[in-house]
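Undergrad: predicted structure and sequence below. I'll ask about it afterward.
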Amino acid sequence: MAELTQLGGVPADGASAQETAPKQIHVTPKAVQRIRDAFAREGVAGGLRLGVLGGGCSGLSYQFKFAPEPRPRDHIFVFDDVKVFVDPKSMVFLDGMTLDWKDSLMQSGFVFENPHATKSCGCGTSFSA
């Protein structure tokens, strides 16, 4: 996997030992390259915002979009030169997730491997926890 550096996202004083464990997401080298390519193609800078929204066929759906900079409370992950921003509420559902890129005869695209997903839809962008 690409080298990870985590910045920010430190819990406030008084957090329990479980809450102070570092939050993690993983982005594979293939996904890092696709994110890098998308930034270059669109001519944007900043980072990729990963999040979770209510809705979708399984109850929650993944969101990812370009973001010029992180918000004050975001968890910030850096994979080589690619920054990923995750807000604290979404981190509850994304902690431990791996973002990958898959190529197959039928389709190509980002794949979310989420340990919190108890059920997901066929399109792979919606889940329930």
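TA: Nice, I can see it. In this text, all values refer to a predicted model and were calculated from it rather than measured experimentally.
Undergrad: all strands of this structure, in order?
TA: When secondary structure is read from DSSP state E, the chain shows strands at 4-8, 26-27, 47-54, 60-67, 75-79, 82-86, 98-103, 108-113, 119-120, 126-128.
Undergrad: neighbouring strands of the fourth one in the sheet, and parallel or not?
TA: It stands for strand 60-67. strand 47-54 (antiparallel), strand 126-128 (antiparallel) (DSSP bridges).
Undergrad: can you check the fifth one too?
TA: Taking DSSP bridges as the criterion, strand 75-79 pairs within the sheet with strand 4-8 (antiparallel), strand 82-86 (antiparallel).
Undergrad: could you tell me the least trusted of these?
TA: Note on the strands paired with strand 75-79: lowest mean pLDDT is at strand 4-8, with a mean of 52.
Undergrad: tell me what the lengthiest helix in the chain is packed against?
TA: Ranked by residue count under DSSP state H, the longest helix found in the chain is helix 29-42. Contacting helix 29-42 under the criterion 3 or more CB pairs under 8 Å, 6 or more residues apart in numbering; DSSP states H and E are the following elements: strand 82-86, strand 98-103. Every C-beta, even on glycine, is put in place using the N, C-alpha and C of the backbone.
Undergrad: switch these over to a markdown table; also include distance to His75.
TA: A markdown table is the format used below for the helices and strands packed on helix 29-42 (distance: least, CB to CB, whole Å):
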| stretch | distance to His75 |
| --- | --- |
| strand 82-86 | 5 |
| strand 98-103 | 14 |
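Undergrad: most packed of those?
TA: Mean neighbour count, computed with mean count of other CB atoms under 10 Å, is highest for strand 82-86 among the helices and strands packed on helix 29-42, reaching a mean of 23.
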